[in-house]
Each structure stands twice: as structure tokens, then as C-alpha cells.
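# return atomic coordinates for the entry below.
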Amino acid sequence: MRQTRLAARSLHCWRRGFTLIELLVVMAIVATLLAIAAPRYFDHLERAREASLRQTLAVMRDALDKYKADTGRFPHELAELADRRYLRSIPRDPITESSTSWIVVTEAATTSADSGGIRDVRSGAEGSGMDGSPYADW
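Now for the predicted structure:
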């Protein structure tokens, strides 16, 4: 009787955990799923950043146009757009993750009364988008 109890106890302890083979199989399945899903995840992240950059550029360009329509001139600094409430604040570039990396394209002064100003804004990010065009050309 004592021998059957020991055999039952050792069988019970053996059934409580997973074997090394079972753990390795599960780890291999998880690794395979990650290898399939991770590249798609990072592609979607990049697409989202690019879509956000396009939207941010459109909003900033619209604010520049509204400023020009209201005042008759382009702003001298991007901060003027926020100061006069055309933008709540200067947005951050989603690629560089900085609000100070914007490249401003200024308008040449045509008369002495006109002092030029920022007529366009572009991303200061290096590199190209998923379509192959440089971020600075957007």
C-alpha cells in the first residue's frame, strides 16, 4: 500500500507542470507569430506617422493662408500663428518628434513696405517616406 501511495504521489507531481518540450513548442509558435506580425506592425506605425505629418502640414499651411488673408502679409515667425490664435500651438513634427525642426520657406520682399515672411513650411526630417519621396519635399 505504501508503494502505491509513493507511485501515485510521484505521478501527481509529474502531471502538475509542463515538460520542456511543451514549453519549447509554445515558444516556437509565439516566435513564429511575432515574426509574422512585427513587420506589419512597424509598417502601420510608419504609415500613421506619415499620415499625421501630411495632416499637420496641411493645417499649418492653411493657418499661413488665413493669416495672409487677414493681415495682408505672411508671418515672420511660426510663433505668430500661435500668438494670434491661428494655431493653438506650434505642432510637433511626427517624424522628428520636435516642434522646432520645421523648415520655413520665406517669401522674398517685393517692396520696401513688404518685409517678406513665411509662405510655406516643410518637415525637417531626414530620409524618405514609404512612397520614396523625401520628407522635405512634402
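# and the helix or strand where Thr32 lies, how far out from the chain middle?
Taking DSSP states H and E as the definition, one finds Thr32 inside helix 20-71. Its chain's C-alpha centre and that of helix 20-71 lie 6 Å apart, by CA atoms, centre = their mean, to the nearest Å.
# swap in stretch 87-105?
The chain centroid and the centroid of stretch 87-105 are separated by 13 Å under CA atoms, centre = their mean.
# for this structure, which spans come out with low pLDDT?
1-15, 109-115 (pLDDT under 70).
# how about the nearest residue to the residue nearest the centre of it, chain neighbours excluded?
The residue lying closest to the centre of the chain (CA atoms, centre = their mean) is Arg49, at 3.4 Å. Closest residue to Arg49 apart from its sequence neighbours, by CB to CB, 6 or more residues apart in numbering: Pro94 at 4.7 Å. In short, each C-beta sits where N, CA and C put it, glycine included.
# measure the one you found to Asp137 for me?
Distance, Pro94 to Asp137, by CB to CB, to the nearest Å: 16 Å.
# repeat that for Ala79.
Per CB to CB, Ala79 is found 25 Å from Asp137.
# now Glu50
Distance, Glu50 to Asp137, by CB to CB: 13 Å.
# looking at those two, which is more packed in?
Glu50 (17 against 9; other CB atoms under 10 Å).
# the more buried one contacts Gly127, doesn't it?
No. The pair Glu50 / Gly127 is not scored as a contact, 11.0 Å apart, by CB atoms under 8 Å.
# so for these two, which residues contact both of them?
Common contacts of Glu50 and Gly127, defined by CB atoms under 8 Å, 6 or more residues apart in numbering, comprise Ile95.
# ok, and what's touching stretch 57-71?
By CB under 8 Å, 6+ apart, stretch 57-71 touches 74-75, 78, 80-81, 84, 86-87, 91, 102, 118-123, 138.
# now those residues: which count as buried?
74-75, 78, 80-81, 86-87, 91, 102, 118-119, 121-123, 138 (16 or more other CB atoms under 10 Å).
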